[in-house]
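Undergrad: Here is a sequence with its predicted model. Questions after.
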Amino acid sequence: MTDRSVASSLEPVITTKPLEVESPFRRIARAFVEDRLAVLGLVLFLVIALAAILAPWITPQNPYDLAQLDIMDGGLPPGETSFATGGTYWLGTDQQGRDMLSAIVYGLRISLLVASVSLGLAITIGVAAGVAAAYFGGRLDALIMRVVDLQLSFPAILIALILLALLGRGIDKVILALVIVQWAYYARTVRSSAIVERNKDYIEAARCLGFSHRRIMFRHLLPNCVPPLIVVATVQIAQAIALEATLSFLGVGVPITEPSLGLLIANGYDYLLSGRYWVSLYPGIALVVTIIAINLVGDRLRDVLNPRLQK
Amino acid sequence: MKLATTRLAAAFVAAGALTAPAYAQQLTIGLKSEATSMDPQFHNLSTNTQVLLNVFEGLTKQDAVQRLEPSLATEWEAVDDTTWRFTLREGVKFHNGSDFTARDVIYTMCRVPLVENSPSSYTIYTGTMTDVAADGDHAVIITTDGPDPLLPTELASLPILSADALGAEDEVTYAQGGCEGMGEVPQSPAFNSPDVAVGTGPYTLDEFTRGNQLVMSRFEGYWGDAPNWERVVMRPISSDGPRVAALLSGDVDMIESPPIQDIPRIEQGGFKIVDALSNRIIYLAMDQEGEAPSLGGTNGENPLLDQKVRQAISLAINREAIAERIMGGFAVPAGELLPPPMFGTSDRDVDPYDPERAKELLAEAGYPDGFQITLGTPNDRYINDEQVAQAVAQMLARVGIQTTVDAMTASQFFSRRNAQEFPIYLAGWGAASGEMSSPLKSLLATYDKDAGMGVTNAGRYSNAEFDEILREAMTTIDDAERETLLQQAGTIALDEFGIIPLHYEQTVWAMKPELSYEPRVDQYTIASQVESSGEGSN
Amino acid sequence: MIVYLVRRLGQSLIAVVAMAVLVFLGVYAIGNPVDVLINPEANQAEVAAVTQRLGLDKPLWEQFVIFIGNLLQGDLGNSFVYGRPAVEIILERLPATMELAFVALVLAVVIGVPLGVLAGLKPDSIGGRSIMAGSILGFSLPNFWQGMLLILVFAVMLGWLPAGGRGQTVEVLGMRLSLFTWDGLQHLILPALNLALFKMSLVIRLARANTREVALQDYVKFARAKGLSARRVVTVHVLKNIMIPVVTILGLELGSMVAFAVVTETVFAWPGMGKLLIDSINLLDRPLIVAYLMLTVLIIVTINFVVDILYSFLDPRVRLSEVKG
């Protein structure tokens, strides 16, 4: 075992060393920018994220403050003027007289919040489990990977649906469900790259020098696992947004008082046939644009970070 | 491979034969919900009743406005306070050809408690019967353990089964503990077979494929007017959108409860809409027992105990706006628990919309700055329920009561409501009996487990005088006297704002223009009552 | 080899049992089904009677013991709503879901493979690029939203196809299938397409990547140099090479297809198992929820097991690493 790993580890060590000196970030950024579609995706995503963060300051209405709504403004098509305030509803209103533009921006906020919080938690748990499995090996590795395998063999939607059917609605519960269905992806990714790293000489050296486990794991092993992690994360965050939307659509996601994009679409679904398309269509477009933007970025990142495809 | 192809070909041929319309005259209805069983005694719920009333009939029946009419019984009378005599119709045949007699009635009453696994039993109708005896072949005498003025009404929901088809012995005798001569009693799953699901109704059961369709065909030997259709197909399409789309695309001829926002589109498509006021009231109930949960800004007190606060809530609500904007005009603002002129109503005025007076009342009650409250509501049970709750919250916010809407599926809502988790909640009540004692008994009578009163009174409104009058009403056989008592009781509770009526739902049906249906107050969709008004309707 | 099989089987069994326990405890902790099922006119005594009839008056541990006892005899209990064995009711719905998943799978392959090969052979052409753009869309659009658009366009605006429900069925080999009637086929197209779109994108990407790889290999270059027509090279060499990974992936994806059918069936009112699950959740029909999950878990575990076995036969390395790890 040692023979083989030493032999195979020599090669990457030689190739990665000079690259690191050359600042990998600049190289990646340069490669990334070459694809205009990916740049467009990145810009779109940044705009969307900024809008979501600044929602309270840039929207004409706080869609959750019931005192600001007037049902006399209910069901107005895009571009109509409010009876109550004289303002214009650029994307129309829903049944309650809620400005759809404001609702969409606030909905984005919830969707992105749910996705990014669950992403952060899932990565933390997944990375910890993956690195631990790779570093310590043996029984711990076997145990963790059994659980990961088991979980990945079931469709995420099914697990999340059941969890939420049991837990009830709520942002915290949706986040919990998303973390539970996602951590395994990160654990598996991190483990496989960490195992390659573990067998390299410098780790051996660090061990001999008597560095603590924690220091070796987080200072030495982890940084090398970041590129594949980023790729998986971009795929997963898009999936998380879509999954949350689907769960909300099925009626087990976020509560109506804090509607995400998915819930806005679900609410508008009832109005699709009636010609009041804007209640469902525009949140849907916002959702799709967000997911596509992330996927465009993710696709390019995968190409850039994957050494196999580099020629 | 060759074999497989041949088999496929055979399947296609068979399919072709099946899809060709076997009858020229067929009616296909898209229903919102599906019957859970073909056994009319399995699940006491309107979704089952409305389907099974095509195949089975009760001793009595309710017409479109829930007035009682003769059905298998031609007439009935109260012999004394605890005895009813029903005269049975002669010359009535079951689908299997056997004659309808008193034996079938006794068998029917006897089988009710013997149905296994029933999620909601019909014993609520038969529980009071101490004896059911034949008086010749065509009369039945029913004795109850106390005065039961509603017995004939309740029997409209209890379809008569065929003793012969179910394997009863020649002599069936009723006894409260257990009848004799019942033979082997078939359980509910057996009713999927047309040989067991035998009634006297205008249609016979052909086929029931769960989740897909229920097929019935005309019973040639029906005692009443010849049924209108050769064949009736009922398909459950629970999602609103697909149900409307099925009508628009011609898949079905008629649907029940199209979502109201789609009605303009359906009308544009040249379809007919019929609607009627239903017996369903949408109301707000408030916690009137000690400390209420989920309240804020009241120093731990329950403001809803104060009649002024309850009145303020009622005055803060613009019922006209809800009926127009949220319900699309398919609702009528309500002043009491059943729409007049139904039995027991008193033409009470609808509370006016007066937010200024509401603020004054709140100030008088010691809450000039209002308070915070959570409004519980189901989101899939009543027409636009969640939307109505949000509109109510909006209006309450205007007078200073900061309201958070807590919406959930009906399954969770009912459990949490019954556990008294909401200080105020929105719910609905449809009076199956079509008269006032039904909502009064369930929603306003003091909660009492042993007496079986106030089952759905989760706000725990309680008034001794009200209870007294209601109890008297429920044991009064004389109709006029009973109606006065019910009016009195209703007025007491509404004067105290013990409950806040919002609106009566209007039930809507949409159908092809050549069809006609007299809209029913009880929201039932009964195929045998759909008529073809024009020519070329096939 | 035997050791490996036994171990794999043991793991699968543990998965099923763990799922049963979790699901039971979870499902039985929520709500009170009696509140939903009972006629609102019923009084408290009747409520108590129903509670007792459904066995809900017993403490949770006792219900659990009864559940496990029945489970060991292969009985998953009676549905609260229908009063009949839960498994029986699910099996009634199984053909509808299987039919949907099967047709979706076929669509994914029949449409996905040619498009992917096309995109792989001409990656820089307009056609190749737009196929890839389309596959990103297929990946990105949430399933239910795709379904909604399909209904809006094909049922509402164009009026070509029915918006939902299942068509006429015929009995084939003891199952009621709608695949063989014209009416049934019409109803099947939209939901099957909806369910297929995501997998189709997957197949397109897979086929494209493999095509590109294969196209660069020497024997294909050689075949072209030999003067074989481009069409023949594609059909014989490329297709042969990419079918193996495509079929493997799809085998594994069948389980997720059955799970995703929950969404499609809800949007299209398709009377399959998934729709039944959502309805049962709404009605708190606990035995049905548990039975659905147990059956689905069983299906997925079986598929994974079979795929694993096949793999270990085809690729000895898999077996080796498993034994070592």
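TA: In hand now; what should we look at?
Undergrad: Report how many residues lie close to residue 269.
TA: This is for chain A. For A:Y269, the count of nearby residues is 22 (other Cβ atoms under 10 Å in any protein chain shown). Where you see a C-beta, it was placed from the backbone N, CA and C, and this is true even at glycine.
Undergrad: wait, I meant chain C there
TA: C:A269 is flanked by 26 other residues according to other Cβ under 10 Å.
Undergrad: And for the one 5 residues further on?
TA: For C:G274, the number of neighbouring residues by other Cβ under 10 Å comes to 27.
Undergrad: quick one, what contacts it?
TA: C:97, C:258-259, C:261-266 (Cβ atoms under 8 Å, 6 or more residues apart in numbering or on different chains).
Undergrad: out of these, which touch chain A?
TA: Intersecting the contacts of C:G274 with the contacts of chain A gives C:259, C:262-263, C:266 (criterion: Cβ under 8 Å from any Cβ of the partner chain).
Undergrad: contacts with chain B among the residues you listed, please.
TA: C:T266.
Undergrad: Output the ones next to chain A among the contacts of C:G274 in JSON lines; the columns should cover distance to A:S274 and secondary structure.
TA: Formatted as JSON lines, the ones next to chain A among the contacts of C:G274 follow (distance: Cβ to Cβ, whole Å; DSSP: H, G, I helix; E, B strand; the rest coil):
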{"residue": "C:A259", "distance to A:S274": "31", "secondary structure": "helix"}
{"residue": "C:V262", "distance to A:S274": "26", "secondary structure": "helix"}
{"residue": "C:V263", "distance to A:S274": "23", "secondary structure": "helix"}
{"residue": "C:T266", "distance to A:S274": "20", "secondary structure": "helix"}
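Undergrad: Just send the ones next to chain A among the contacts of C:G274 back as JSON lines, with neighbour count, pLDDT and distance to B:T484 too.
TA: Shown next, in JSON lines, are these (neighbours: other Cβ atoms under 10 Å in any protein chain shown; pLDDT from 0 to 100; distance: Cβ to Cβ, whole Å):
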{"residue": "C:A259", "neighbour count": "22", "pLDDT": "77", "distance to B:T484": "60"}
{"residue": "C:V262", "neighbour count": "25", "pLDDT": "85", "distance to B:T484": "55"}
{"residue": "C:V263", "neighbour count": "25", "pLDDT": "86", "distance to B:T484": "56"}
{"residue": "C:T266", "neighbour count": "24", "pLDDT": "82", "distance to B:T484": "50"}
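Undergrad: can you pull the buried residues of the longest strand along chain B?
TA: As assigned by DSSP state E, the longest strand anywhere in chain B is strand B:272-286. Going by neighbour count (16 or more other Cβ atoms under 10 Å in any protein chain shown), the buried part of strand B:272-286 is B:272, B:274-286.
Undergrad: Tell me the one of these nearest B:R319?
TA: Nearest to B:R319 out of the buried residues of strand B:272-286 is B:I282 (Cβ to Cβ; 10.0 Å).
Undergrad: quick one on the thing from earlier: what helices or strands is the helix or strand that the longest strand of chain B is followed by leaning on?
TA: The helix or strand immediately downstream of strand B:272-286 is strand B:295-296, counting by DSSP states H and E. Contacts defined by 3 or more Cβ pairs under 8 Å, 6 or more residues apart in numbering or on different chains; DSSP states H and E place strand B:295-296 against strand B:372-378.
Undergrad: The residue nearest to B:V332 when sequence neighbours are not counted: what's it in contact with?
TA: Among residues not flanking B:V332 along the chain, B:Y504 sits closest, at 4.9 Å (Cβ to Cβ, 6 or more residues apart in numbering or on different chains). Applying Cβ under 8 Å, 6+ apart, one finds that B:Y504 lies in contact with B:277-282, B:331-332, B:334, B:339.
Undergrad: all strands for the stretch 101-250 of chain B, in order.
TA: Taking DSSP state E, counting those that start in this stretch to define them, one finds strands in the stretch 101-250 of chain B at B:129-134, B:139-144, B:203-209, B:213-218, B:231-236.
Undergrad: Close to chain B: what parts of chain A are there?
TA: Residues of chain A lying near chain B (Cβ under 8 Å from any Cβ): A:66-67, A:69-72, A:74-75, A:95-96, A:168-169, A:251, A:255-257, A:269-276.
Undergrad: Narrow these to those that are buried.
TA: Buried subset of the residues of chain A next to chain B (neighbour count, 16+ other Cβ under 10 Å): A:66, A:69-71, A:74-75, A:95-96, A:169, A:251, A:255-256, A:269-274, A:276.
Undergrad: can you tell me which of those are in helices?
TA: If you go by DSSP state H, those have A:Y269 in helices.
Undergrad: Below-threshold pLDDT in chain A: ranges please.
TA: Scanning chain A for pLDDT under 70 picks out A:1-24, A:84, A:273, A:306-311.
Undergrad: show me where it has helices.
TA: Assigned by DSSP H, chain A shows helices spanning A:2-21, A:24-33, A:36-53, A:55-58, A:100-136, A:138-152, A:156-167, A:171-198, A:201-208, A:213-215, A:226-249, A:261-269, A:278-305.
Undergrad: Chain C now?
TA: When assigned using DSSP H, the helices of chain C occupy the ranges C:2-28, C:33-37, C:44-53, C:60-72, C:86-121, C:126-140, C:143-150, C:182-216, C:218-225, C:230-232, C:239-268, C:273-283, C:286-314, C:316-324.
Undergrad: I'd like to check which residues are in contact with C:Y219.
TA: Counting by Cβ under 8 Å, 6+ apart, C:Y219 touches C:H237.
Undergrad: gap between it and C:A207?
TA: 19 Å (Cβ to Cβ, to the nearest Å).
Undergrad: Check B:A35 too.
TA: Going from B:A35 to C:A207 by Cβ to Cβ gives 47 Å.
Undergrad: more neighbours, those two?
TA: Neighbour count, other Cβ under 10 Å: between B:A35 and C:A207, C:A207 has more, with 26 against 22.
Undergrad: so what's that one closest to, chain neighbours aside?
TA: C:G116 (2.5 Å).
Undergrad: Tell me the pLDDT of the one you found.
TA: pLDDT recorded at C:G116 is 86.
Undergrad: re earlier: give me whichever of the helices of chain A is most buried.
TA: Across the helices of chain A, averaging neighbours per residue (mean count of other Cβ atoms under 10 Å in any protein chain shown) puts helix A:261-269 on top, at a mean of 27.
Undergrad: chain center to that one, what's the gap?
TA: Mean-position distance between helix A:261-269 and its chain equals 20 Å (Cα atoms, centre = their mean, to the nearest Å).
Undergrad: same for it, what does it pack against?
TA: Applying 3+ Cβ pairs under 8 Å, 6+ apart, one finds that helix A:261-269 contacts helix A:100-136, helix A:226-249, helix A:278-305, helix C:143-150.
Undergrad: Could you pull up the residues touching C:L107?
TA: Going by Cβ under 8 Å, 6+ apart, C:L107 touches C:192-193, C:196, C:200.
Undergrad: From B:L502, how far off is it?
TA: Here C:L107 is placed at a distance of 48 Å from B:L502 (Cβ to Cβ).
Undergrad: Helix or strand with the lowest mean pLDDT in chain C?
TA: Every helix and strand of chain C was ranked by mean pLDDT, DSSP states H and E. The lowest is helix C:316-324, at a mean of 46.
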